[in-house]
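Q: Give me coordinates for this.
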Amino acid sequence: MSDYQSDLKISDNILKQNAELYRKIRNTARFLLANIDGLENIVEVEKMGVLDRWIVAKAKRVFDEIEDSFKVYEFSKGLNKLNNFLVADLSGIYLDVCKDRLYCDDKNDIHRLASQSAMAMITKKLIGTLACILTYTMDELLDFAPKIIKGDAKDIFDFKRYELPNINSSINDDMFIEAKEKFSEIKDSLSKEKIIKSTLELEITTNSEEFLALDEVELSDWFLVS
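A: Numbering: from 1, shown residues only. Predicted coordinates:
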């Protein structure tokens with residue numbers, strides 16, 4: 001995590017920051033494994049929802065950038081990209097919007113299976129990418145991982161490298177994330193004024209063609225409204 005091309009510094013605070021990053025990776029992996037449990041087959045990309053395709057496409061771009069950084073020994077740059085993806089996109093948005101379908105939908109519902117599949121694909125890529133750095137942690141993850149993740153691997157040294165597929169996402173990344181952030185600001189102000197307790201009490205209307213072109217269920221999940 002440190003840029004070895006300049007003088008290295010160490011302090012309790014620096015170690016604490018690194019411990020937080022490690023904890024984030026570990027907790028995200030635990031959440032992924034817990035929710036992949038029970039998945040027998042990865043759903044074809046064509047059957048995935050808009051949000052599932054968006055996060056896999058985003059993960060593909062990020063992990064390609066991470067590997068490009070690793071190839072030229074810019075490890076801190078690669079790990080910073082990983083941290084930003086885990087915090088902002090995966091945990092901050094995708095895993096949050098998926099909770100409803102993961103916990104409430106039928107076990108064999110296509111929305112739930114598609115989300116589990118996207119998580120499985122990202123988990124396989126995460127384990128393969130970090131195996132060279134957090135070897136023991138990735139090995140421990142495999143001990144608890146279902147067969148759909150580890151295949152026939154007995155430990156991390158048998159784990160087969162996995163490549164995420166190229167996917168075209170119909171979501172305008174910047175626009176959708178900005179809209180979500182603006183909506184959160186409105187929600188926070190309504191909560192402070194004690195007008196609402198949850199976004200589920202709100203209804204959204206829009207004349208944006210980009211949003212209206214998407215499935216209503218996917219859009220409701222994106223903004224966490226009913």
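
Q: All the strands of this protein, residue numbers only.
A: Read by DSSP state E, the chain holds no strands at all.

Q: Which helix runs longest in it?
A: Secondary structure of the chain per DSSP state H: the longest helix is helix 12-36.

Q: who does that helix touch, helix- and strand-wise?
A: helix 75-84, helix 110-130, helix 135-144, helix 147-150 (3 or more CB pairs under 8 Å, 6 or more residues apart in numbering; DSSP states H and E). To be clear about C-beta, it is placed using only N, CA and C from the backbone, and glycine gets the same treatment.

Q: residue closest to the middle of this protein?
A: Closest residue to the average C-alpha location of the chain: residue 90 at 2.4 Å, with CA atoms, centre = their mean.

Q: if I read this right, it contacts residue 125, doesn't it?
A: No: Residue 90 lies out of contact with residue 125 (CB atoms under 8 Å); the separation is 11.4 Å.

Q: Ok, which of the helices and strands packed on helix 12-36 comes nearest residue 157?
A: Residue 157 lies closest to helix 135-144 among the helices and strands packed on helix 12-36, at 8.3 Å (CB to CB).

Q: quick one on the thing from earlier: what sits against the residue nearest to the centre of the chain?
A: 28, 55, 59, 122 (CB atoms under 8 Å, 6 or more residues apart in numbering).

Q: rerun at 7 Å
A: Residue 90 makes contact with 28, 55 under the criterion CB atoms under 7 Å, 6 or more residues apart in numbering.

Q: Ok, the one 10 residues further on next?
A: Each residue near residue 100 by CB under 7 Å, 6+ apart is listed here: residue 221.

Q: how near is it to residue 13?
A: Per CB to CB, to the nearest Å, residue 100 is found 38 Å from residue 13.

Q: Residue 97 too?
A: 33 Å.

Q: Setting aside sequence neighbours, what's the nearest residue to residue 160?
A: residue 151 (6.3 Å; CB to CB, 6 or more residues apart in numbering).

Q: any chance of the helices and strands packed on helix 12-36 in a markdown table, with mean pLDDT, distance to residue 166 and mean neighbour count too?
A: Formatted as a markdown table, those follow (pLDDT from 0 to 100; distance: least, CB to CB, whole Å; neighbours: other CB atoms under 10 Å):
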| stretch | mean pLDDT | distance to residue 166 | mean neighbour count |
| --- | --- | --- | --- |
| helix 75-84 | 94 | 19 | 18 |
| helix 110-130 | 96 | 12 | 23 |
| helix 135-144 | 96 | 25 | 16 |
| helix 147-150 | 94 | 21 | 18 |
